[in-house]
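**Student:** got a sequence here, can you build the structure:
(one chain, ligands or ions: 1)
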Amino acid sequence: MTPIANYINGQLVAPVSGQYIDIYNPSTGEVYAKLPDSDERDVNRATEAAQKAFAGWSSTPAEKRSKILLKISALIEKNLDKLAMAESVDNGKPLKLAKTVDIPRAASNFYFYATGLMHFASESHYMEEGAINYTLRKPIGVVGCISPWNLPLYLFSWKIAPALAAGNCVVAKPSEITPMTAFLLSEICTEAGLPPGVLNIVHGLGNKVGQAITEHPLITAISFTGGTLTGASIARTAAPLFKKLSLELGGKNPALIFADCNYEKMLKTVMLSSFANQGQICLCGSRIFVERPIYEKFKKDFVEKTKKLKVGDPLEEDTQLGAVVSEQHMNKVLSYVELAKQEGGNVLTGGKRATVSGRCKNGWFIEPTIIEGLSFDCRTNQEEIFGPVVTIMPFDKEEEVLQYANSTPYGLASTVWTENLTRAHRVAGELKTGIVWVNCWLLRDLRTPFGGMKNSGVGREGGWEAMRFFTEAKNVCIKY
Ligand code: NAP
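**Tutor:** Numbering: from 1, shown residues only. Down below sits the predicted model:
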């Protein structure tokens with residue numbers, strides 16, 4: 001059984017409580033690792049170590065910080081196979097996906113911010129009155145980073161890399177459900193020469209470790225990615241303590257497909273935006289609106305292609321959908337299929353737990369599911385399901401589909417399919433989401449702002465946005 005340890009002050013250590021939590025392999029349903037059941041005592045130790053390390057790390061020359069982060073990136077790349085295997089076993093995702101997306105993107109996150117920090121500059125403002133202002137952007141101190149289970153190392157590194165690049169020390173908590181690659185990252189950080197205490201990883205439950213990080217008075221900024229309800233709870237705790245907050249929360253993303261789209265390209269991409277990572281990507285498009293002239297054709301082709309998707313052992317090369325992350329999550333997703341039926345939905349394909357033979361016979365798999373016949377404002381179309389379940393619905397007019405698309409409390413991402421350039425710009429401008437993809441999906445440029453509107457979050461990650469979040473701006477005004 002793989003022993004996972006906390007990473008505090010550069011050491012791999014057991015939790016103070018001495019207690020451990022079972023970690024499951026979702027594709028077999030078996031316990032395969034033990035996770036420290038840490039509490040506020042471990043968070044206190046980690047914060048103390050981070051505070052001690054801060055003076056040294058924040059005054060380390062940019063070039064030296066950059067070199068260490070580049071080394072971390074290179075070591076992630078070097079350990080691609082090991083990390084991808086760990087991610088697949090821990091999360092249930094196809095190994096191929098972990099190898100081509102999760103782990104390479106985690107390496108890119110470190111690479112991007114390692115190089116970015118060398119170019120992070122502050123502004124100056126000249127005044128005709130004979131004065132000059134310049135803005136100092138100094139690291140905040142000790143910051144907290146809390147991440148979810150769907151893209152474990154990818155999202156963990158998306159926070160940690162800019163926090164460290166900006167000169168902060170970090171107390172981080174990965175999801176208790178998928179801790180393994182964060183644990184392996186701690187070994188990589190040691191090998192890369194990251195000084196002790198600069199990054200501390202405390203494993204355990206959200207309501208213990210996450211809560212303790214959020215409450216700790218010396219942790220003055222929290223970067224969180226996860227569910228909207230958890231985000232609200234974190235905001236309630238952190239707001240009266242005047243902590244800086246970045247919240248990346250849930251989504252219910254629409255795909256708007258116009259009849260003039262490039263049909264083949266659209267269909268191929270919509271298959272991915274619906275079911276990649278078993279639909280467990282916050283950016284997946286789960287509400288698919290199709291212009292009426294191509295609705296029936298789309299429905300037939302989409303259902304046909306979906307039926308052919310291989311749900312199976314994540315370690316097999318040709319598997320397209322692996323297991324969902326936990327039994328509890330599987331039951332939640334399936335309960336939404338039942339809700340959809342009660343709401344008048346017609347399940348066109350899927351809708352059930354999938355059985356996979358052999359070593360995965362007890363795993364938590366769901367058939368990719370397409371539902372039609374629902375209204376845009378029913379619960380199925382308003383609440384986040386976060387699994388391989390999508391709804392399809394026809395529309396006639398642009399104003400109508402914009403109303404449907406913008407009707408949920410969420411505003412993370414949307415996708416628009418059209419070859420009409422004017423319409424693409426017009427619709428992109430009207431969609432109330434932080435990200436709009438036109439004729440593509442999940443195409444990411446790390447320099448661009450990333451995040452959602454409405455209940456999908458507060459603030460933006462990515463590029464300079466993250467560097468600004470992880471620094472405190474101070475204006476200095478000099479009159480001469
Ligand atoms: P979650 O239940 O909100 O958990 C996220 C993280 O918060 C986990 O590490 C969790 O620990 C921790 N946590 C739980 N309760 C806490 C508390 N009271 N205080 C502090 N931390 C706490 O979310 P999830 O189920 O892991 O992830 C799925 C959600 O993330 C979906 O809603 C998805 O849309 C969203 N997401 C958003 C983005 C984005 O960029 N907007 C990206 C990916 C995912 P435990 O694991 O121990 O519960």
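**Student:** stretch 9-16 and the ligand in contact?
**Tutor:** No. Taking CB under 6 Å from any ligand atom as the criterion, stretch 9-16 and the ligand are apart, separated by no less than 13.6 Å. In this view, the C-beta of every residue, glycine as well, is placed from N, C-alpha and C.
**Student:** how about stretch 468-477?
**Tutor:** No. Residues of stretch 468-477 contacting the ligand under CB under 6 Å from any ligand atom: none, with a closest distance of 13.8 Å.
**Student:** stretch 270-284 now?
**Tutor:** Yes. Against the ligand, stretch 270-284 shows contacts by CB under 6 Å from any ligand atom at Cys282.
**Student:** again, but for stretch 167-182
**Tutor:** Yes. Stretch 167-182 lies in contact with the ligand when judged by CB under 6 Å from any ligand atom; the contacting residues are Lys173, Ser175, Glu176, Ile177.
**Student:** so what's Asn200 closest to, chain neighbours aside?
**Tutor:** Distance criterion CB to CB, 6 or more residues apart in numbering; nearest residue to Asn200, sequence neighbours excluded, is Ala46 at 3.7 Å.
**Student:** hmm, Ala405 is touching Pro254, no?
**Tutor:** Yes. Using CB atoms under 8 Å, Ala405 makes contact with Pro254 at a distance of 3.9 Å.
**Student:** tell me the domain ranges of the protein?
**Tutor:** The record's domain parsing of the chain by automatic domain parsing lists 6-249+456-479, 253-447.
**Student:** straight-line length of the longest one, end to end?
**Tutor:** Start-to-end span of domain 6-249+456-479 (CA to CA, to the nearest Å) is 51 Å.
**Student:** got it, and stretch 438-445?
**Tutor:** Using CA to CA, the end-to-end distance of stretch 438-445 comes to 14 Å.
**Student:** what comes up buried for that stretch?
**Tutor:** In terms of neighbour count (16 or more other CB atoms under 10 Å), stretch 438-445 has its buried residues at Val438, Asn439, Trp441, Leu442.
**Student:** picking up where we left off before, which of the residues of stretch 167-182 next to the ligand tops the neighbour count?
**Tutor:** Lys173 (30 neighbours; other CB atoms under 10 Å).
**Student:** for it, grab phi and psi.
**Tutor:** phi -130, psi 110 (degrees, to the nearest 10).
**Student:** wait, what's in contact with it?
**Tutor:** Gly144, Cys145, Ile146, Ser147, Ile201, Val202, His203, Gly204, Gly206, Val209, Gly210, Ile213 (CB atoms under 8 Å, 6 or more residues apart in numbering).
**Student:** I'd like the distance between it and Leu272.
**Tutor:** 30 Å (CB to CB, to the nearest Å).
**Student:** again, but for Val458
**Tutor:** For Val458, the distance to Leu272 - CB to CB - is 28 Å.
**Student:** for Ile213, helix, strand, or coil?
**Tutor:** When the structure is split into helix, strand and coil by DSSP: H, G, I helix; E, B strand; the rest coil, Ile213 lands in helix.
**Student:** what about the nearest residue to it once chain neighbours are set aside, which SS state?
**Tutor:** Using CB to CB, 6+ apart and skipping the chain neighbours, the partner closest in space to Ile213 is Gly144 (4.1 Å). Three states are possible here, and by three-state DSSP the one that applies to Gly144 is strand.
**Student:** Gly144 reaches Leu218, doesn't it?
**Tutor:** No. Gly144 is not in contact with Leu218 according to CB under 8 Å; the separation is 10.1 Å.
**Student:** out of these two, which sits in the busier spot?
**Tutor:** Each of Gly144 and Leu218 had its neighbours counted (other CB under 10 Å), and the higher figure belongs to Gly144 (30 against 13).
**Student:** on that earlier part again, on the three-state scheme, the residue nearest to Asn200 is what?
**Tutor:** Here Ala46 is recorded as helix under three-state DSSP.
**Student:** gap between the residue nearest the centre of the chain and the ligand?
**Tutor:** For the chain, the residue nearest the mean C-alpha position is Leu155 (4.7 Å; CA atoms, centre = their mean). Leu155 is 6 Å from the ligand, where distance means CB to the nearest ligand atom, to the nearest Å.
**Student:** next: Lys71.
**Tutor:** Relative to the ligand, Lys71 is positioned 26 Å away (CB to the nearest ligand atom).
**Student:** how many neighbours does that residue have?
**Tutor:** What Lys71 shows, counting by other CB under 10 Å, is a neighbour count of 18.
**Student:** skipping adjacent residues, who's closest to it in space?
**Tutor:** Nearest residue to Lys71 in three dimensions, chain neighbours excluded: Ala192, at 3.9 Å (CB to CB, 6+ apart).
**Student:** what's the residue nearest to Asn200 in contact with, if anything?
**Tutor:** Each residue near Ala46 by CB under 8 Å, 6+ apart is listed here: Asn6, Ile8, Asn9, Val171, Asn200, Ile201, Val202.
**Student:** got it, and Cys189?
**Tutor:** When contacts are counted by CB under 8 Å, 6+ apart, Cys189 is found next to Tyr7, Ile72, Leu199.
**Student:** name the member of those residues that has the highest neighbour count.
**Tutor:** Among the contacts of Cys189, Leu199 has more neighbours than the rest - 29 neighbours, counting by other CB under 10 Å.
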